[in-house]
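Student: 3D model of this:
(one chain, ligands or ions: 1)
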Amino acid sequence: MKHAAPFEVKGWCPGALKPMQSGDGLIVRVRPRCGRLSPDELIALAEAAQRFGNGHIDLTRRANLQIRGVSEETLPRLHAVIGRLGLLDSTSQGEAVRNLMISPLAGIDPTEVLDIRDIARKLARMLASEPTLWALPSKFGFIVDGGGRLTLANERADVRLAAVGNGAKIAVAIGLDAQAGTDWLGSVVPAIAASVAVETAHAFLELKPTGAGQRMRDLSADGLASIRLAMASRIDPLALDPRKTVGSLARRVGLLELGSSRFAVGIGAPFGRVETDQLAKLAGEMAACRVKEVRLSPWRILYAEVGSALAGNALLDAARSVGFITDPGDPLLRIEACPGAPACRSTRLDIRGDARRLAALLPRFGFEGTIHVSGCAKGCAKSAAADLVLVGLEDRYGIVRNGAAGDCPTSSASFAELAADPDTIFASAERRSR
Ligand code: SF4
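Tutor: Predicted coordinates:
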């Protein structure tokens, strides 16, 4: 059953050229090329967010970065900085459709099936430069997954490219996001993977999806079959089951031993929010550790390759000292929370403050499931189900177990009531979506 409380669906994502108005000013989204920035670029963006925004930066679930609190007056100067970094597209339509996530450890993970960065670069160029593709729904997205230890197998995208195979026999599987999971069309050689992904998007557009919100997952079985038919001459039967290449890294933050004497660190931002001085300090430490690239991920965790375990641990110490998550057991990693008030006008609740207070209660109650604290039923922080959802209902929280923010709460309480008797919410919440 769905939640009755109304909320506004914007149906599009902000960009740098098309910012979105929010309770704390304009949100300007920066889409790093192939999900990577150098430490110096991060420092430049952090400084720009301080000067031209309100100092808050979000790491998004699509592995982008959002500068908040920008005004109409400061926007041109922020654009100048983003442009100097080569991150400003020539059109807002080309920017909007460049909606692409790639494996965060691409090119540095010795266990990856294929370094897919060239495919991702080519696909990004094609998306931004082919006006016929700009008719794609604004949230239509692509994933390019090279396999290896940190795959994107559990993230959703309208068109998925996944490297499969081993040794000399490597192919790229092409999948569509269907209601029941990924509908694999087959596989192609890596050299044509980007072009075939674009052709698949064209085949989707041929179906003339109605409404800006229509996505691949909204197509009927007939619609998916039409795309399959349109692409049949371009795609070979599946070379290998892509599910067999799902990654093996149990931990996502902390020191990651990649094998072959290579190390990386994963550094999490609580709820994806970082402040500019925090980010600038971290990026400065990374530069001092000779980190070349900082890699963004949909888990709001930044990754960086380091020269040794010693260097990695030193960087993690520095990150922890400025408020980042470096402990894989930190309860904050299991909690998603939207910005809430005052940044968003759809709630009066201090969502992230309450989420932190909730995190402090978790160890006492031995609750190990996932939690989503949402200001309203829109559920911006997490669309998938969580074991426990607290969703804002005026000044109280509706409680949903094993569901999403849009589901109907079974009970409600103020945060003070929940904190006074947390057992009532933790005791019966089942673990499901770890
Ligand atoms: S989920 Fe949170 S951020 Fe999204 S509209 Fe509701 S209150 Fe605002």
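Student: all contacts plus neighbour counts: C-alpha atoms, from now on.
Tutor: OK.
Student: what pLDDT, on average, does stretch 83-101 get?
Tutor: Summarised as a single mean, pLDDT over stretch 83-101 is 93.
Student: That one: end-to-end distance?
Tutor: Its first and final residues considered, stretch 83-101 spans 21 Å by CA to CA, to the nearest Å.
Student: And that stretch, what's buried?
Tutor: Counting neighbours by 16 or more other CA atoms under 10 Å, one finds that the buried residues in stretch 83-101 are 85, 87-89, 92-101.
Student: Spell out the residue ranges of the helices in the stretch 51-200 of the chain.
Tutor: Assignment of helices within the stretch 51-200 of the chain using DSSP state H, counting those that start in this stretch yields the ranges 75-84, 92-97, 117-129, 193-206.
Student: and Ala225, that's in a helix?
Tutor: Yes. Residue assignment for Ala225, taken from DSSP: H, G, I helix; E, B strand; the rest coil, places it within a helix.
Student: need the residues of the chain near the ligand, please.
Tutor: When proximity is defined as CA under 6 Å from any ligand atom, the chain approaches the ligand at 338-340, 344, 346-347, 374-376, 378-380.
Student: Quick check: nearest residue in space to Thr424, chain neighbours excluded?
Tutor: Distances taken as CA to CA, 6 or more residues apart in numbering place Leu418 nearest to Thr424, at 7.6 Å, with adjacent residues excluded.
Student: For the one you found, what is the enclosing helix or strand?
Tutor: Using DSSP states H and E, the secondary-structure element containing Leu418 is helix 415-420.
Student: For that helix, give me every contacting residue.
Tutor: With CA atoms under 8 Å, 6 or more residues apart in numbering as the test, helix 415-420 has contacts from 354, 358, 396-397, 424-425.
Student: 6 Å - rerun?
Tutor: Under the criterion CA atoms under 6 Å, 6 or more residues apart in numbering, not a single residue lies in contact with helix 415-420.
Student: Next, the buried residues of stretch 355-364.
Tutor: Going by 16+ other CA under 10 Å, stretch 355-364 has these buried residues: 355-356, 358-359, 361-362.
Student: what about the residue of the stretch 251-400 of the chain found nearest the ligand, how many neighbours?
Tutor: Closest residue of the stretch 251-400 of the chain to the ligand, CA to the nearest ligand atom: Gly375 (3.5 Å). When neighbours are defined as other CA atoms under 10 Å, Gly375 has 32 of them.
Student: can you pull the contacts of it?
Tutor: The contact partners of Gly375, by CA under 6 Å, 6+ apart, come to 340, 347, 391-392.
Student: closest to Thr74 among the residues you listed?
Tutor: Checking those against Thr74 with CA to CA, the nearest one is Gly340 at 24.0 Å.
Student: For the ligand, see how far away the residue nearest to the spatial centre of the chain is.
Tutor: For the chain, the residue lying nearest the average C-alpha position, counting by CA atoms, centre = their mean, turns out to be Arg61 (2.1 Å). With distances defined as CA to the nearest ligand atom, to the nearest Å, the gap from Arg61 to the ligand amounts to 13 Å.
Student: quick one: Asp424 from Glu417, how far?
Tutor: No Asp there; residue 424 is Thr. 10 Å.
Student: quick one, domains of the protein?
Tutor: Recorded structural domains for the chain (assignment: automatic domain parsing) are 112-247, 254-330, 332-426.
Student: Which one of those lies nearest to Leu26?
Tutor: Ranking these by their distance to Leu26 (criterion: CA to CA) puts domain 332-426 first, at 10.4 Å.
Student: Ends of the closest one, what's the gap?
Tutor: Where domain 332-426 starts and where it finishes are 16 Å apart, if you go by CA to CA.
Student: cool, stretch 86-104 as well?
Tutor: Its first and final residues considered, stretch 86-104 spans 20 Å by CA to CA.
Student: Sort out for me which of the residues of the chain next to the ligand are in strands.
Tutor: When strands are assigned by DSSP state E, the members of the residues of the chain next to the ligand inside them are Ser374.
Student: can you put the residues of the chain next to the ligand in JSON lines and add pLDDT?
Tutor: Formatted as JSON lines, the residues of the chain next to the ligand follow (pLDDT from 0 to 100):
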{"residue": "Cys338", "pLDDT": "93"}
{"residue": "Pro339", "pLDDT": "89"}
{"residue": "Gly340", "pLDDT": "93"}
{"residue": "Cys344", "pLDDT": "87"}
{"residue": "Ser346", "pLDDT": "92"}
{"residue": "Thr347", "pLDDT": "95"}
{"residue": "Ser374", "pLDDT": "97"}
{"residue": "Gly375", "pLDDT": "96"}
{"residue": "Cys376", "pLDDT": "96"}
{"residue": "Lys378", "pLDDT": "93"}
{"residue": "Gly379", "pLDDT": "93"}
{"residue": "Cys380", "pLDDT": "88"}
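Student: Now render the residues of the chain next to the ligand as JSON lines, adding distance to Phe324.
Tutor: Listed next are those as JSON lines, based on distance: CA to CA, whole Å:
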{"residue": "Cys338", "distance to Phe324": "18"}
{"residue": "Pro339", "distance to Phe324": "17"}
{"residue": "Gly340", "distance to Phe324": "20"}
{"residue": "Cys344", "distance to Phe324": "23"}
{"residue": "Ser346", "distance to Phe324": "28"}
{"residue": "Thr347", "distance to Phe324": "26"}
{"residue": "Ser374", "distance to Phe324": "22"}
{"residue": "Gly375", "distance to Phe324": "23"}
{"residue": "Cys376", "distance to Phe324": "26"}
{"residue": "Lys378", "distance to Phe324": "27"}
{"residue": "Gly379", "distance to Phe324": "24"}
{"residue": "Cys380", "distance to Phe324": "22"}
